[in-house]
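Student: sharing a model prediction with you, sequence too.
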Amino acid sequence: MRQLLTVAFLSSAIFSYAGGVFNVIDFGAKGDGKTLDSPAINAAIEAAVADGGGQVFLPAGTFLSGSIRLKSNIELHLSPGCVILAAPAEMKAYDESEEWGDFPQYQDGGHTFFHNSLIWAEGQENISITGFGMIDGEGLTRKDTEKAGNLQGGSIGTGDKAIALKQCRRVTLRDFTVYRGGHFAVIMTGCDISTLDNLTIDTNRDGIDIDCCKYMTVTNCKVNTPHDDAIVLKSSYALKKPVLCEHIAVTNCNVTGYKCGSLLDGSYIPEKVNWVCGRFKLGTESNGGYRNISLSNSTFMYSSGLAFEEVDQGLMENITVSNITMSHVHHYPIYITTGCRNRGPKEVSRKSSARDIQISNVIADDCDSLCSIIVTGMPDEPVRNVWLNNIRLHFQGGGSKELVNKDYREQGTNYPEPKFAGQTPAYGLYARHVVGLHANNLTFSYDRPEYRPAVVLDDVSDSKIDDIDAPTEPGIEKIVMFNCENVEI
């Protein structure tokens, strides 16, 4: 194909490239893994833009690259055998971070700055990255400007993301692989009408971050993130205002927590339990909130489970989860919480809220004994209307009898991670500050003797618990309630 395109180019000074295909080799790219090829790739993109758009074609080879600037009406196509290799920081091949201005940074540098990335676009439309090639972020940093949940401010200052797209429309990412993607393998902020399909991501921090986006589907993706979140929706202040993340459908995806690289090489070596590993999450950045979100037909392996966290004065509503299997679950299988961290402008006075969340048809084995299912609101703003249906969880067990009376940490301003709160008072389901909890057909079991109740309800009202199949040790109650009203068992 490369030879045909070259012949077409030489045969006519007027006819640019056959079928709107622009081969980066014809613009000086070497693909030898030593020559910095991003200037040639960007030249091919500019030529395609001048021609009204087209496909920028990367044949087999290793293309050492700094920042690649994706533009409207461009398809960046990575053919089989093609590797875009992120240049090391000392080559200074990445674009400078854009100006942020005097507006406060309520999110870390990875969410704030986009231009210092391997592939980036801002304000573009009808763009795509396709093909069965690979993006290898070897030269990217996995650092950020946040420490223990506290922002340090400023730009990370070098290549830190494999793909960063901001305020783009009609985006398609399909078929390629990302290995070692840096802080974020893929981050999309303020992007509308987008498709992510058949991606394979094996990375050292976050996999796919969807921030302040709408009308997006994520399908058929394999995401291995042993040190951070796999597929995560956020709603930060990166657009300098609160923006809902809404109308997002995620289906037919695999989430894993194997050692980085072992998904790709087929060795599948489980990573030890980190502070977080894998998982599907809403949060923590949640200034606008989440609405109309669907997760279905997906699997989790050696990973944390589902985490829905609204802690920054946004709303979380109309969330559905169905047909999920998990094996070797780190820390917790299902976690729903609100809090008042309130990372945002001080003049915003609304409270975080969550309502209308339905989770059904979930099976999980080897669940960590740290946590049961957790559903927790705030004393003055309970979580409302949660349905838990047809859920089967098998736990490692081993909880002590005294935990039933544990003063379990209120979320408050704390970073919303169950690890920091310790073991839950129940081994199967713990709910506090909830109105309208509907739990039906739940089955819990365990390996080691478990001396916690199966279910503990605290400040729960207008709720119904029906058909709970869960063993308890002699003398241990199955369901314990504190300060509850109108709860039907």
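Tutor: Okay, I see it.
Student: now stretch 92-109: buried residues?
Tutor: Judged by neighbour count using 16 or more other C-beta atoms under 10 Å, the buried positions of stretch 92-109 are 93-95, 97, 100, 105-109. Bear in mind the C-beta positions are built from the backbone N, C-alpha and C, glycine included.
Student: check stretch 313-333 too.
Tutor: 313-324, 326-333.
Student: strands - which of the residues you listed land there?
Tutor: 315-324, 326-329 (DSSP state E).
Student: possible to save these as TSV with distance to Lys143 and pLDDT?
Tutor: Output for these, formatted as TSV (distance: C-beta to C-beta, whole Å; pLDDT from 0 to 100):
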residue	distance to Lys143	pLDDT
Leu315	32	97
Met316	29	98
Glu317	34	98
Asn318	36	98
Ile319	32	98
Thr320	35	98
Val321	32	98
Ser322	37	98
Asn323	37	98
Ile324	32	98
Met326	30	98
Ser327	31	98
His328	29	98
Val329	28	97
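Student: and of these, the nearest to Asn342?
Tutor: Of all these, Asn342 sits closest to Leu315, with 13.9 Å by C-beta to C-beta.
Student: contacting residues around the closest one?
Tutor: Residues near Leu315 by C-beta atoms under 8 Å, 6 or more residues apart in numbering: 244, 289-291, 352-355.
Student: let's have the ones in strands among the buried residues of stretch 313-333 in CSV, adding distance to Phe184.
Tutor: Listed next are those as CSV, based on distance: C-beta to C-beta, whole Å:
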residue, distance to Phe184
Leu315, 25
Met316, 22
Glu317, 26
Asn318, 26
Ile319, 23
Thr320, 26
Val321, 23
Ser322, 27
Asn323, 27
Ile324, 24
Met326, 24
Ser327, 26
His328, 25
Val329, 24
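Student: which of the contacts of Leu315 are buried? Put it as a PyMOL command.
Tutor: This is how PyMOL selects the buried members of those, with burial counted by 16+ other C-beta under 10 Å:
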select buried, resi 244+289+290+291+352+353+354+355
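Student: okay, and which of the contacts of Leu315 map to strands?
Tutor: Of the positions in the contacts of Leu315, 289-291, 353-355 sit in strands, assigned by DSSP E.
Student: between those, which is nearest Tyr446?
Tutor: Of these, the one sitting nearest to Tyr446 (C-beta to C-beta) turns out to be Ala354, at 28.4 Å.
Student: and the closest residue to the closest one other than its chain neighbours, bridged to which residues?
Tutor: Excluding the flanking residues, the one nearest Ala354 by C-beta to C-beta, 6 or more residues apart in numbering is Met316, at 4.2 Å. On the basis of DSSP bridges, Met316 is bridged to Tyr290, Ala354.
Student: with Ile336 instead?
Tutor: Bridge pairing for Ile336 (DSSP bridges) gives the partners Phe308, Val375.
Student: residue numbering should commence at 14 henceforth.
Tutor: Okay, using 14 as the starting number, the last item reads as Ile349.
Student: confidence score at it?
Tutor: Here, the pLDDT recorded for Ile349 equals 98.
Student: which residues touch it?
Tutor: Neighbouring residues of Ile349 by C-beta under 8 Å, 6+ apart: 321, 367, 370, 387-389, 396, 399.
Student: please report how far it lies from Lys247.
Tutor: Separation of Ile349 from Lys247 (C-beta to C-beta, to the nearest Å): 17 Å.
Student: same thing with Thr232?
Tutor: 20 Å.
Student: of the two, who's got more company?
Tutor: Lys247 (27 against 16; other C-beta atoms under 10 Å).
Student: now do that one, the pLDDT please.
Tutor: Lys247 carries a pLDDT value of 98.
Student: hmm, who's touching the host helix or strand of it?
Tutor: Lys247 belongs to strand 244-248 when assigned by DSSP states H and E. Applying C-beta under 8 Å, 6+ apart, the contact partners of strand 244-248 are 124, 219-226, 231, 234, 236, 255-258, 261, 263, 266, 268, 292-303, 306, 325, 327.
Student: that strand: what's the following helix or strand?
Tutor: Moving toward the C-terminus from strand 244-248, the next helix or strand (DSSP H and E) is strand 258-264.
Student: pLDDT averaged over that following strand, what's the number?
Tutor: 98.
Student: so what are the sheet partners of the following helix or strand past it and their directions?
Tutor: Counting by DSSP H and E, the element after strand 258-264 in chain order, helix or strand, is strand 267-269. Strand 267-269 has the following strand partners under DSSP bridges: strand 235-237 (parallel), strand 302-323 (parallel).
Student: what sits up against strand 267-269?
Tutor: Residues outside strand 267-269 that contact it (C-beta under 8 Å, 6+ apart) are 234-238, 243-244, 276, 281, 291-293, 311-316.
Student: give the next helix or strand downstream of it.
Tutor: Downstream of strand 267-269, the first helix or strand assigned by DSSP H and E is strand 291-299.
Student: so which elements touch that next one?
Tutor: Applying 3 or more C-beta pairs under 8 Å, 6 or more residues apart in numbering; DSSP states H and E, one finds that strand 291-299 makes contact with strand 244-248, strand 267-269, strand 302-323, strand 328-342.
Student: who wins for proximity to Asn139 among those strands?
Tutor: Here strand 244-248 is closest among the helices and strands packed on strand 291-299 (C-beta to C-beta), at 23.6 Å.
Student: parallel or antiparallel, list what pairs with the closest one.
Tutor: Short version: by DSSP bridges, strand 244-248 pairs with strand 219-224 (parallel), strand 291-299 (parallel).
Student: can I get those in CSV with mean pLDDT and mean neighbour count?
Tutor: Output for these, formatted as CSV (pLDDT from 0 to 100; neighbours: other C-beta atoms under 10 Å):
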stretch, mean pLDDT, mean neighbour count
strand 219-224, 98, 27
strand 291-299, 96, 27
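Student: distance to Thr143 for these - can I get that in TSV?
Tutor: Formatted as TSV, these follow (distance: least, C-beta to C-beta, whole Å):
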stretch	distance to Thr143
strand 219-224	16
strand 291-299	25
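Student: which one of the ones you listed lies nearest to Ala439?
Tutor: Taking C-beta to C-beta, strand 291-299 is the member of the strands paired with strand 244-248 nearest to Ala439, at 20.9 Å.
Student: now the angle from that closest one to strand 258-264?
Tutor: 180 degrees (axes from the mean of the first three to the mean of the last three C-alpha atoms, to 10 degrees).
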